[in-house]
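*Asks:* Let me see the structure of the following:
(chains A and B)
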2 protein chains.
Amino acid sequence: MSAAPAAAFPCKTVLASTIAKPFVQEVKDGVTSLGRSPKLVGFLANTDPAARMYADWTAKTSTDLGFTYELRQVDKDDLEESIIAANDDDDVDGIMVYFPVFGGGQDQYLQQVVSPEKDVEGLSHIYIQNMYHNTRFLDKAETQKSILPCTPLAMVKILEYLGVYNTLIPYGNRLYGKTVTIVNRSEIVGRPLAALLANDGATVYSVDITGTQKFTRGQGLKFKRHQVADVDIPLSEAVSHSDVVVTGVPSPSYKFPVEYLKDGAVCINFSSEKNFDPNVKEHASLYVPSIGKVTISMLLRNLLRLIENKKQREIK
Amino acid sequence: MSAAPAAAFPCKTVLASTIAKPFVQEVKDGVTSLGRSPKLVGFLANTDPAARMYADWTAKTSTDLGFTYELRQVDKDDLEESIIAANDDDDVDGIMVYFPVFGGGQDQYLQQVVSPEKDVEGLSHIYIQNMYHNTRFLDKAETQKSILPCTPLAMVKILEYLGVYNTLIPYGNRLYGKTVTIVNRSEIVGRPLAALLANDGATVYSVDITGTQKFTRGQGLKFKRHQVADVDIPLSEAVSHSDVVVTGVPSPSYKFPVEYLKDGAVCINFSSEKNFDPNVKEHASLYVPSIGKVTISMLLRNLLRLIENKKQREIK
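*Replies:* This is a model prediction of the structure:
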């Protein structure tokens, strides 16, 4: 525990709904200027209450913002065929799948069944590979923007809002000098997020049960991308250097050891479980208990970008 | 143990080198008629002795058959860039990666970094998806053949050699009436293999630590593909119905419980470990202790097919 009394510098809790506001407005305006209601189809093939809640939120938010949302509940063994049918359906602008379905590699396979042209979550291989390599466009003429995975993208927007990105530093280096610990190295969020933040100049400790990796911005002359190395330092040490701690452990029993935090750290949880106990506020300066509402606005922003990309392809 | 004395019907051990012979010849002839030595690059980024042995075998076999083989040993953190460089190098005809590298989802990501145009292992998403859907060609004009994942393909060739495929039955249904248990449901071998065999008419029990799934040929009118269902039957029961048992458990301590085998079963192990104890011969009629040499010949066959596909694209 800190030597200073906790009450002296109270931690501020920042809600995702507050951070999401400008993006919600941007998306709303985007739909208005598009002049039609884009259709998003969500596939639910599990009985996970967290997925169901996320589906309900997506439905409510997208409908509120002028989109048409359709939830398709399918048996998991029919999911692949259902995705392919939606890929081929001109009435569908965007597709998302509420994972986990089978878990593991089979879910990673299913993600790739979603056509990149309709992938609002930004999980298609081409988008992830572009993100790792800091490649912003799909074409050489730079008319079609690559889609960023929506949860990592939401995290970047949150860090910008919280002032962790320093806007006095030139774009592309605005996390220079910052250290971040991320407890999660999934292919969907943790690893892409570590790469994104390293690409922006941060030193990132990426932690999972197999160990810790350190992501830094590499020389980047040729590939414009981060470097990764296994490191053998305890969590307590990584966290003691960290200006930001991000958690995403999908387990109700996991609690981040807040006693490792340096005073004034920024703490953000993207798990559907509460990875921080309330005493996180004794150490943190800013605390974001969940990020779902920002993620959904990024997802709808991606949908508008997919429609724009399609227009650009048709112009050619 | 069987009631009949083991010696009465001795089990025949069939070596992969015997089964591979016609394919080795086919590949050799292919290189001769091509008139140049295709270049295969293998990436080794781990210290796994099984991967190293497989690399040495690939080197020897491919060189013997007229290919140029180059092993590139790279640090695992440089693997992605090295693959991309080989993708872009016109001198390289085929690329393979000796997995595992990081394990799990990150390896699945890396597989997708290999260009489908050079993917001799047939692990690109488009090839796997085509295989699941029994789609044989990449283009509508049916000039470019889809590549099959080389280990599952090797297994089909082995089952053909062993007479499990019945050539009196029309093509596409030659496993009709056969039951197969596969102990492995990895995304690289077990699950694609189960789908392949089900597409050919077999009933397949696909077993891993999470449970058992039953693959059967579906109605297939629209999607031409198998159906999958979770089933709640013990391994002993699945195996007691099985004409063929295929194992692929990458652990030296795992031994298949041969007492479950029905007398006369065909047993095939594709793990680099010996999943069957020698007493498998008390029950099996045919036993294939390893399949690597068939797999390598399929890999080189795939390489020739990739070169043919490239020609077809250039004709257009």
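*Asks:* Pretty sure A:K145 sits against A:R136.
*Replies:* Yes: judged on C-beta atoms under 8 Å, A:K145 makes contact with A:R136 at a distance of 6.5 Å. C-beta here means a position set from N, CA and C on the backbone, and glycine is covered the same way.
*Asks:* Okay, buried residues for the helix or strand bottoming out on mean pLDDT in chain A please.
*Replies:* In chain A, no helix or strand scores lower on mean pLDDT, DSSP states H and E than strand A:226-231, which sits at a mean of 83. Applying a neighbour-count criterion of 16 or more other C-beta atoms under 10 Å in any protein chain shown, the buried positions in strand A:226-231 are A:226, A:228.
*Asks:* Which elements pack onto the lengthiest helix in chain A?
*Replies:* Of all the segments of type helix in chain A, defined by DSSP state H, the longest one is helix A:292-315. Counting contacts by 3 or more C-beta pairs under 8 Å, 6 or more residues apart in numbering or on different chains; DSSP states H and E, helix A:292-315 packs against helix A:16-34, helix A:49-64, strand A:94-98, helix A:150-161.
*Asks:* Residues in contact with the first one: which ones?
*Replies:* Applying C-beta atoms under 8 Å, 6 or more residues apart in numbering or on different chains, the set of residues contacting helix A:16-34 from outside is A:37-38, A:61, A:65-67, A:157-158, A:161, A:288, A:290-294, A:296-298, A:300-301, A:304, A:307.
*Asks:* what's the answer for the last one, then?
*Replies:* Helix A:150-161 is contacted from outside by A:14, A:16, A:19, A:23, A:120-122, A:131, A:165, A:175, A:188-189, A:192-193, A:196-197, A:200, A:244, A:246, A:266, A:268, A:270, A:288, A:291, A:294-295, A:297-299, A:302, using C-beta under 8 Å, 6+ apart.
*Asks:* hang on, the earlier thing: in terms of neighbours, single out the busier of A:K145 and A:R136.
*Replies:* Between A:K145 and A:R136, counted using other C-beta atoms under 10 Å in any protein chain shown, the more crowded position is A:K145 (17 against 12).
*Asks:* List phi and psi for the more buried one.
*Replies:* phi -80, psi 140 (degrees, to the nearest 10).
*Asks:* Bridged to it, which residues?
*Replies:* When bridges are taken as DSSP bridges, the partners of A:K145 come out as A:F137.
*Asks:* Now do it against A:V27, distance only.
*Replies:* Plainly put, A:K145 is 15 Å away from A:V27 if you go by C-beta to C-beta, to the nearest Å.
*Asks:* now A:L138
*Replies:* Counting by C-beta to C-beta - A:L138 and A:V27 are separated by 21 Å.
*Asks:* ok, these two, which is more surrounded?
*Replies:* Neighbours around A:L138 and A:V27, counted as other C-beta under 10 Å, are more numerous at A:V27. The numbers are 25 against 19.
*Asks:* Give me the pLDDT for the residue nearest to the more buried one when sequence neighbours are not counted.
*Replies:* Of all residues beyond its chain neighbours, the one nearest A:V27 is A:L300 (4.7 Å), with distances taken as C-beta to C-beta, 6 or more residues apart in numbering or on different chains. Each residue has a pLDDT score; the one for A:L300 is 97.
*Asks:* repeat for A:L221
*Replies:* With respect to pLDDT, A:L221 has a value of 40.
*Asks:* Within range of chain B, give me the residues from the stretch 1-150 of chain A.
*Replies:* A:77, A:80-81, A:84, A:103-106, A:108-109, A:112-113, A:125, A:128-129, A:132 (C-beta under 8 Å from any C-beta of the partner chain).
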